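Peer 1: Here is the input, now give the coordinates:
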Amino acid sequence: MTPAKLRILYVEDNPADYRLLEEYLSECLSANFEIKQAESIKGALTLASSVRFDVIFLDLDLPDSRGLEGLEKIAAVIVLTGLNDEETGLQAIRKHAADYLVKGQIDVNILARTIRYAVERKHFEDALALERNNLQMIFDAVNIGMLLVDDKGMVKRVNNVIYRWVGKDHPTTGPAQPGDILRCIHALNSPSGCGQTPHCDTCPIRKAFESVLRSGQPVHGIEAEATLLIAGSQVHLWLDLSIDPVCMAGKKFAIFSLNDITEHKRIEAREKEVLVVAMSARTAMDTLQAMGEGVLLMDMNGKILSANPAFKQLSGLSELLGRPLMELLLPMLEAKDKPMVLEAHNTALNGHNPQLHPLTLINKRGRPVTVIPAISFIRASDGKATAVILTVRDISEIRVMQRNLEENNTRLRALAERLSSTEERERRRISAQIHDTVIQTLSLSNIKLGALLKDVIDEGAKKNIVSVKAVRAMIEDAVGEARSLMAELTPPLLYELGLVPALSDLAQKLQKQHNLPIQVKDTEQPKPVDKTIQGILFQATRELILNALKHAGKCAITVTVSRKNDQLRICVADNGFGFNVPEEGHFVFHRNGGFGLFAIRERLERIGGSLAIRSQAGAGTIVSLFAPLVLKNAEGRIKPA
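Peer 2: Below is the predicted model:
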């Protein structure tokens with residue numbers, strides 16, 4: 001088979017040199033070649049665009065020559081240099097020229113060998129370039145991210161998947177480590193870049209490829225989290241990593257295979273959450289089946305997933321599963337409760353706890369049921385609500401008991417008011433009876449004993465005189481004690497002249513008895529107080545003054561009586577020791593032994609009044625009594641049982 005003619009292009013502007021080379025070629029190649037001439041690089045490129053050449057001889061001394069100018073991509077280039085310009089030829093070879101020849105030193109054998117070598121080298125380079133392109137196409141076509149890293153950790157090549165991840169259209173040039181190429185947030189935030197951050201010591205990706213480069217053993221199936229900066233935003237990815245060692249040209253490399261498993265991880269997490277929710281819901285419902293309270297499980301769309309027997313019994317409903325809760329519940333509600341329930345339903349479906357209060361349901365059997373509703377949630381690991389638990393507690397019987405208790409308390413309070421009124425009337429009755437009987441009898445006896453004593457004195461019976469005087473002294477003491485007891489039960493001034501004169505008289509007596517200043521002030525307003533209330537206020541004020549005398553130390557006491565509208569106010573103030581008023585409420589007086597204050601408060605509350613205390617250790621005490629001017633009819637406030 002006749003070999004194909006060798007197509008040769010000689011880029012030379014000297015005709016003599018062209019003819020000389022043509023003669024050499026004729027001698028070494030016989031007639032098995034075709035040669036064309038181009039006098040410039042530009043002309044060569046134009047000619048090569050229409051004719052395929054196997055070899056190009058290039059004179060680098062041409063006026064427009066600045067190098068190979070891309071001719072090495074067209075054919076095997078043999079550079080021709082002058083006698084003293086071999087360095088230029090060597091530089092051309094470094095720029096992918098096939099070989100060089102020195103003008104004036106060319107012979108037939110060297111020329112033939114150089115042409116064969118150049119042609120074969122070009123064929124080999126073309127085949128190698130084709131293979132490299134094929135490998136790069138495969139590298140880029142793989143649907144996982146791939147990086148080629150040298151033994152210093154520098155990335156030499158990446159595929160298109162990596163650039164799609166980091167949002168780049170073209171590869172970057174220059175040395176870069178994997179974290180720099182992947183735009184790891186830790187590498188970007190460090191001036192030193194990937195490999196120099198504190199995070200790098202624990203980075204599973206860096207640990208893996210350093211292990212591969214060090215040991216030469218592959219690493220597969222590593223799952224790692226990475227935060228990358230993509231299009232100005234931080235993106236959290238899960239990567240499945242495999243790294244294999246490769247040796248090329250005697251150097252160690254590592255090939256990274258990075259598979260984005262973020263969506264797989266999300267699906268896996270959702271499946272786990274669904275499983276956990278399902279198991280939690282099943283466990284919860286198994287537990288709730290036996291509860292006495294009505295419990296209903298609802299999805300986040302408002303549809304019923306499950307209901308326990310107590311809920312079905314309470315509502316009178318049986319077919320519940322899959323139905324919207326509001327479709328069943330609204331017809332059972334009173335009109336006043338519907339807005340609250342609708343708002344609570346919408347709030348719960350948004351994953352928030354609504355405000356609820358007791359409401360009344362008319363169940364399917366027509367029975368009104370008062371319930372206390374409560375909402376809770378089943379939540380996923382991220383805190384998102386996945387289901388709603390509605391609990392309803394039937395308090396119908398409690399409400400009935402509460403109403404009965406309130407009625408009983410009302411009757412007891414009315415009875416207490418009647419007792420207070422009766423107590424005051426009995427005080428007045430006993431006081432009057434003591435005055436009309438005991439005191440009168442004792443007074444008459446004392447008068448008669450006085451007359452008898454006069455007769456005895458006249459007759460001179462000294463022994464009898466002493467005995468009669470002793471009896472008379474005892475009667476006088478008894479009269480004094482009886483008057484004092486009568487004054488304590490019901491001071492005559494209280495019902496003859498009123499509350500303020502009675503308090504003034506009491507203050508004078510106690511001031512004289514204890515030698516401490518006690519003053520009563522009156523605002524001079526009319527105070528037409530009911531006699532029962534008048535008695536209660538007098539006794540309470542007397543007890544407060546005695547408390548101050550007993551516990552406040554050496555002090556001055558002021559009693560102020562005033563009126564505002566239909567209410568009477570008495571303030572008992574002292575500048576004594578004082579005390580810290582407890583915050584727990586008025587019943588604390590009873591627990592701490594202050595029964596007097598407790599009793600005063602209870603008596604005032606029975607008649608519609610109240611008691612207020614303001615005191616501080618070392619700053620004295622002010623106790624205020626409040627009471628209505630008129631006592632309502634207690635009997636009229638008692639309801640029949």
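Peer 1: In the stretch 301-450 of the chain, what residue spans correspond to strands?
Peer 2: Secondary structure of the stretch 301-450 of the chain (DSSP state E, counting those that start in this stretch): strands at 304-307, 359-362, 368-379, 385-394.
Peer 1: neighbouring contacts of the first one?
Peer 2: The reference is to strand 304-307. 281, 285, 294-299, 320-325, 328, 387 (CB atoms under 8 Å, 6 or more residues apart in numbering). All C-beta atoms are positioned from the backbone trio N, CA, C, and that covers glycine.
Peer 1: In TSV, list the strands of the stretch 301-450 of the chain along with mean neighbour count.
Peer 2: Below are those laid out as TSV (neighbours: other CB atoms under 10 Å):
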stretch	mean neighbour count
strand 304-307	20
strand 359-362	18
strand 368-379	16
strand 385-394	19
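Peer 1: Geometric centre of the chain: which residue is closest?
Peer 2: Gly383 (9.5 Å; CA atoms, centre = their mean).
Peer 1: Dihedrals phi and psi, it?
Peer 2: Gly383 adopts backbone torsions of phi 90, psi 0, taken as degrees, to the nearest 10.
Peer 1: of all the strands of the stretch 301-450 of the chain, which lies closest to Lys527?
Peer 2: Lys527 lies closest to strand 368-379 among these, at 46.8 Å (CB to CB).
Peer 1: who does that closest one touch, helix- and strand-wise?
Peer 2: helix 262-288, helix 338-349, strand 359-362, strand 385-394, helix 396-433 (3 or more CB pairs under 8 Å, 6 or more residues apart in numbering; DSSP states H and E).
Peer 1: What is the distance between that strand and the centre of its chain?
Peer 2: Computed by CA atoms, centre = their mean, to the nearest Å, the chain-centroid distance of strand 368-379 equals 23 Å.
Peer 1: Now the helix or strand containing Ile222: buried residues?
Peer 2: Using DSSP states H and E, Ile222 falls within strand 219-230. Using 16 or more other CB atoms under 10 Å as the test for burial, strand 219-230 gives 219, 224, 226, 228-229.
Peer 1: out of the contacts of strand 304-307, which one sits closest to Gln313?
Peer 2: Using CB to CB, the contacts of strand 304-307 come closest to Gln313 at Gly294, 7.6 Å.
Peer 1: excluding its backbone neighbours, what's nearest the closest one?
Peer 2: Leaving aside its sequence neighbours, Gly294 sits nearest to Phe311 (CB to CB, 6 or more residues apart in numbering; 3.4 Å).
Peer 1: Wait, that neighbour touches Val295, no?
Peer 2: Yes: the pair Phe311 and Val295 passes the contact test of CB atoms under 8 Å, sitting 5.9 Å apart.
Peer 1: Give the residues shared as contacts by the two.
Peer 2: With CB under 8 Å, 6+ apart as the test, Phe311 and Val295 both reach Val392.
Peer 1: what residues are up against the residue nearest to Gly294?
Peer 2: 294-296, 320, 392.
Peer 1: Narrow those residues to those in helices?
Peer 2: Secondary structure from DSSP state H places none of the contacts of Phe311 in helices.
Peer 1: Bridged to Leu239, which residues?
Peer 2: Ala224, Asp260 (DSSP bridges).
Peer 1: close enough to count as contact, it and His264?
Peer 2: No: here Leu239 lies out of contact with His264, judged by CB under 8 Å, at a distance of 11.0 Å.
Peer 1: who has more neighbours, these two?
Peer 2: Leu239 (24 against 13; other CB atoms under 10 Å).
Peer 1: now the helices: where do they sit in the stretch 451-600 of the chain?
Peer 2: Ranges of helices in the stretch 451-600 of the chain, per DSSP state H, counting those that start in this stretch, are 462-489, 492-496, 499-514, 531-551, 588-591, 595-606.
Peer 1: May I see the buried residues of the fourth one?
Peer 2: Buried residues in helix 531-551, counting neighbours by 16+ other CB under 10 Å, are found at 531-542, 544-545, 547-549.
Peer 1: can you check the third one too?
Peer 2: Judged by neighbour count (16+ other CB under 10 Å), helix 499-514 contains these buried residues: 499-500, 502-507, 510-511.
Peer 1: Show residues contacting it.
Peer 2: Taking CB under 8 Å, 6+ apart as the rule, helix 499-514 contacts 491, 493-494, 517-520, 522, 527, 529, 534, 537-538, 541-542, 545-546, 549, 557, 559, 561.
Peer 1: hang on, isn't Ile230 packed against Arg164?
Peer 2: No: using CB under 8 Å, Ile230 is not in contact with Arg164, being 9.9 Å away.
Peer 1: re earlier: among the buried residues of strand 219-230, which pair sits farthest apart?
Peer 2: The largest distance within these, taken as CB to CB, falls between Val219 and Leu229 and amounts to 25.8 Å.
Peer 1: can you list the strands of the stretch 301-450 of the chain in a markdown table and add mean pLDDT and distance to Val11?
Peer 2: Below are the strands of the stretch 301-450 of the chain laid out as a markdown table (pLDDT from 0 to 100; distance: least, CB to CB, whole Å):
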| stretch | mean pLDDT | distance to Val11 |
| --- | --- | --- |
| strand 304-307 | 85 | 86 |
| strand 359-362 | 83 | 101 |
| strand 368-379 | 86 | 80 |
| strand 385-394 | 86 | 78 |
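Peer 1: among the ones you listed, which is nearest Asp260?
Peer 2: Taking the strands of the stretch 301-450 of the chain one by one with CB to CB, strand 385-394 is closest: 27.1 Å.
Peer 1: Please name every helix or strand in contact with that closest one.
Peer 2: Using 3+ CB pairs under 8 Å, 6+ apart, strand 385-394 is in contact with helix 262-288, strand 294-299, helix 309-315, strand 368-379.
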